[in-house]
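**Student:** sequence first, then the predicted structure:
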Amino acid sequence: MSALAPALQAFFTDRLIGQRAASPNTVAAYRTGLRLLLGFAAERTGKNPSALDIAELDAPLIAAFLDHLEHDRHNSVATRNSRLAAIHSLFGYLALHHPEHAGSVQRVLAIPVKRTQRNLVTYLTEDEVDALLGSCDQSRWTGHRDHAMFALAIQTGLRISELAGLDCCDVTLATGTNVHTVGKGRKERRTPLVPATRAILRTWLGQRAGAPTDPLFPTTTGRRLSPDAIERRLAHHLAVAAMTCPSIGTKRVTMHTLRHTAAMRLLLAGNDITVIALWLGHEQIATTNIYLHADMSHK
């Protein structure tokens, strides 16, 4: 067995999980990126992935893999840079534990991230929000669930992973109404709920009739909705909403667009950018500054 296989295993178990306590999402993203790299390297070298050695994952092969992501798999530059971040993390670990490959490792670590154009954020207008929420048939259980889920996302700006991870007990409807989340980077926060959202969630929880530890937005079988399932529900309702609000059909709308919508609502209501950063759970104000450039009327 080559040194690469045990090094990969140790990277995930010792470095990511043991030392960094990386989140399941981070571990899954790194696993996917490195699996793609090994598959590409195996095809290039004609070897089984288990037979690959550290020396064979050199800078030219990594560069060819990154080009393959963009040109053959048609991944975005952001995805390309995300895969490179996983590779850099692995090779940083290899530099400490396999100094005999220091030269090759340093050449891989020197591969830079690719600069990308930062586009203006897409968000929904108030008419488009009304059309989306109105597309949910609340006479049906799934429609009532989707209406509550989208209304919560638009008001709070929760990430899709945070929305999918909510339990019934995470919603407080008494004094100091809020929703509790543990988000990206294991940051815990409580986001206030406005009266309209509180009323929607109170009605939904009454119909949901779940235990405190049950998922807030389950499937029809009671299991937790996955992020992919939430995106599919959104796509379904967007198609319905476009019939009455054509402008919504001209935008590429995902659940992250609803997060942008929440941020723009806060900005247009006169809230300071630092407040919006706290609301969204951003570590750096620079991340939140993108919303300052999104609306010409606000400028």
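**Tutor:** All right, it came through fine.

**Student:** can you pull the phi/psi pair for the residue located most distally from the centre of the chain?
**Tutor:** Centroid-distance maximum for the chain: residue 100 at 37.2 Å, with CA atoms, centre = their mean. Dihedral angles phi and psi of residue 100 (degrees, to the nearest 10) take the values phi -70, psi -20.

**Student:** give me the pLDDT value at it.
**Tutor:** Per-residue pLDDT puts residue 100 at 91.

**Student:** buried ones in stretch 210-224?
**Tutor:** 215-217 (16 or more other CB atoms under 10 Å). To be clear about C-beta, it is placed using only N, CA and C from the backbone, and glycine gets the same treatment.

**Student:** oh sorry, the question was meant for stretch 30-48
**Tutor:** 30, 33-34, 36-38, 40-42.

**Student:** put the alpha carbons of that stretch into PDB.
**Tutor:** Extracted in PDB, the C-alpha atoms of stretch 30-48 (Å, rounded to 0.1, in the frame of the first residue of the first chain):
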ATOM      1  CA  TYR A  30     -13.800  17.700   1.200                       C
ATOM      2  CA  ARG A  31     -14.600  14.000   0.600                       C
ATOM      3  CA  THR A  32     -16.400  14.800  -2.600                       C
ATOM      4  CA  GLY A  33     -13.500  17.000  -3.900                       C
ATOM      5  CA  LEU A  34     -10.800  14.600  -3.100                       C
ATOM      6  CA  ARG A  35     -12.800  11.600  -4.500                       C
ATOM      7  CA  LEU A  36     -13.000  13.500  -7.800                       C
ATOM      8  CA  LEU A  37      -9.300  14.200  -7.700                       C
ATOM      9  CA  LEU A  38      -8.400  10.500  -7.100                       C
ATOM     10  CA  GLY A  39     -10.700   9.500  -9.900                       C
ATOM     11  CA  PHE A  40      -9.100  11.900 -12.300                       C
ATOM     12  CA  ALA A  41      -5.600  10.900 -11.200                       C
ATOM     13  CA  ALA A  42      -6.400   7.200 -11.600                       C
ATOM     14  CA  GLU A  43      -7.600   7.800 -15.100                       C
ATOM     15  CA  ARG A  44      -4.600   9.800 -16.000                       C
ATOM     16  CA  THR A  45      -2.000   7.300 -14.500                       C
ATOM     17  CA  GLY A  46      -3.900   4.100 -15.300                       C
ATOM     18  CA  LYS A  47      -3.600   3.000 -11.700                       C
ATOM     19  CA  ASN A  48      -6.300   2.100  -9.100                       C
END
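
**Student:** please shift the residue numbers so they start at 12 in all later answers.
**Tutor:** All right, first residue 12 from here; so that's stretch 41-59.

**Student:** cool, thanks, signing off.
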